[in-house]
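Trainee: give the three-dimensional model of this entry:
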Amino acid sequence: MGTEHIVKSFDTELQRINGEITRMGEMALGQIQAAIDVLQRRDSKAAERVTINDDAIDELEQAISNDVLRVLALRQPMARDLREVYAALRIAADIERIGDYASNVAKRSMVLNQSAPVAPARGLPALAELASELLAEALEAYRMRDADRAQAMRDRDAELDAAYTSLFRELLTYMAEDPKQITPCTHLLFMAKNIERIGDHATNIAENTWFLVHGESMAGSREKADKTSE
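Mentor: Sure, this is the predicted structure:
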């Protein structure tokens with residue numbers, strides 16, 4: 001009976017941690033969408049609220065870290081249970097970074113609002129939509145403990161890399177044709193990179209889900225279509 005109670009208690013703690021990660025993921029998705037919304041509306045006050053809201057994601061990540069450390073200390077989990085706890089810690093850290101990148105996009109949008117609109121900025125919403133789609137898919141794969149779905153999502157990260165590369169080159173061309181636009185386009189380059197990095201962290205979530213299910217890393221290296229360094 002005592003053992004059964006311990007198992008049920010451990011399961012309850014895991015469910016709470018998983019619920020916190022789900023809530024944290026939803027908040028991060030909302031932050032990405034809000035950051036792009038304020039960019040399109042050129043609303044600096046709303047952008048400032050997006051940056052402030054990032055604190056809530058940071059606090060939740062800290063709470064998850066504390067919960068994980070407590071479970072490790074009190075339960076000393078092994079095998080699959082240990083992978084559950086390890087994955088939760090890693091995934092929470094990835095979501096926290098995603099929140100940071102969304103906040104960075106909002107911060108730079110406030111700077112952009114000080115000058116006239118730049119045509120290539122129209123490419124950012126589509127990039128962010130793809131990043132949001134990949135993140136949502138990675139979070140769902142984790143929630144369902146669906147390793148195949150996680151691998152399919154990981155394979156799609158190359159789509160985001162290719163879209164980022166295309167926008168990067170468009171921005172460079174725009175800057176070369178009109179040097180007066182170099183400053184705002186530089187901010188757009190950083191914003192686009194932040195969004196591309198969101199995809200990388202979503203891919204980390206997918207890889208941790210695979211590890212959680214199978215107890216081993218995904219075979220092969222990630223396909224990369226980011227050609228901006230060439």
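
Trainee: buried stuff in whichever helix in the chain runs longest?
Mentor: Ranked by residue count under DSSP state H, the longest helix found in the chain is helix 2-41. Within helix 2-41, the residues that count as buried by 16 or more other CB atoms under 10 Å are 10, 13-14, 17-18, 20-21, 24-25, 27-39. The C-beta positions use only the backbone N, C-alpha and C, and glycine is treated the same way.

Trainee: pLDDT on the helix or strand where residue 133 lies, on average?
Mentor: Residue 133 belongs to helix 124-144 when elements are defined using DSSP states H and E. The average pLDDT for helix 124-144 rounds to 97.

Trainee: next, the angle helix 124-144 makes with the following helix or strand past that helix.
Mentor: Using DSSP H and E, the next helix or strand after helix 124-144 towards the C-terminus is helix 147-177. Helix 147-177 and helix 124-144 are oriented at 160 degrees to each other (axes from the mean of the first three to the mean of the last three CA atoms, to 10 degrees).

Trainee: wait, doesn't residue 27 sit right on residue 56?
Mentor: Yes: with contact defined as CB atoms under 8 Å, residue 27 counts as touching residue 56 (6.4 Å).

Trainee: and the host helix or strand of residue 100, what does it pack against?
Mentor: Residue 100 belongs to helix 79-112 when assigned by DSSP H and E. Here helix 79-112 touches helix 2-41, helix 44-75, helix 124-144, helix 182-214, going by 3 or more CB pairs under 8 Å, 6 or more residues apart in numbering; DSSP states H and E.
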